[in-house]
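Trainee: Quick check, what structure comes out for this input:
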Amino acid sequence: MNEENIKKELIKTWENDKRMINFCMKEYKFIKLRDFIIEIKKKPSIYNEILYNDEYKSPEITKEKFINYNMDMNFNNNIDLNFDKNLLLIKNYDKSNIYIIKELNNIDFIDECDKKLFLTDNEKLIIKKEIEILRNDYLKRLNIYWKKYKNKIYTHGYWANR
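Mentor: Just a heads-up that it's a prediction; the model follows:
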């Protein structure tokens, strides 16, 4: 999608706040479908603190544990979608034509949405491919982070059942 078109949509919300527009352009991937734009976070954070239930022994810090923890805590929870379900598009900014995707888990939630846009099977495939690219990019980032900072990764216990 043309970067200028995305910026025009972001300007509708952020007006002349160039800092916010640049932030959105850096942090999100935009996909044009039909007459709307879908926003997906493209650079999830990397956690160097691995949390664990303190009723158990602290887990060993391994590359696999670090990668799985970050994928579960950040990427999967924020980006992975169940493409077998109905996926609803929700307007992300009041003044623009940019949407985010949500799974339709609660039937009452539909009534709160102004415009009920559902993804077609073909659109789901397009988004799935884009998410796979983002997933691979994130895995590369995690591997690079591990190589550079593995001695700075640590575990921290939390009170799970108290």
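Trainee: from here on, contacts and neighbour counts on C-alpha atoms
Mentor: Will do.
Trainee: where are the low-confidence patches of this structure?
Mentor: Low-confidence segments of the chain, defined by pLDDT under 70: 1, 75-88, 102-116, 162.
Trainee: on contacts alone, who are the packing partners of the biggest helix by length in the chain?
Mentor: Determined from DSSP state H, the single longest helix within the chain is helix 121-149. Here helix 121-149 touches helix 63-70, going by 3 or more Cα pairs under 8 Å, 6 or more residues apart in numbering; DSSP states H and E.
Trainee: What are the buried residues along the helix it packs on?
Mentor: Phe66, Ile67, Asn68, Tyr69, Asn70 (16 or more other Cα atoms under 10 Å).
Trainee: Name the next helix or strand downstream of the longest helix of the chain, please.
Mentor: The element immediately downstream of helix 121-149 (helix or strand, assigned by DSSP states H and E) is strand 154-158.
Trainee: Off-centre distance for that following strand?
Mentor: 24 Å (Cα atoms, centre = their mean, to the nearest Å).
Trainee: Would you mark the buried spots in it?
Mentor: By 16+ other Cα under 10 Å, the buried positions in strand 154-158 come out as Tyr154, Gly157.
Trainee: what's in contact with that strand?
Mentor: Strand 154-158 has contacts (Cα atoms under 8 Å, 6 or more residues apart in numbering) with Asn48, Glu49, Ile50, Leu51, Tyr52, Asn53, Asp54, Ser58, Pro59, Ile61.
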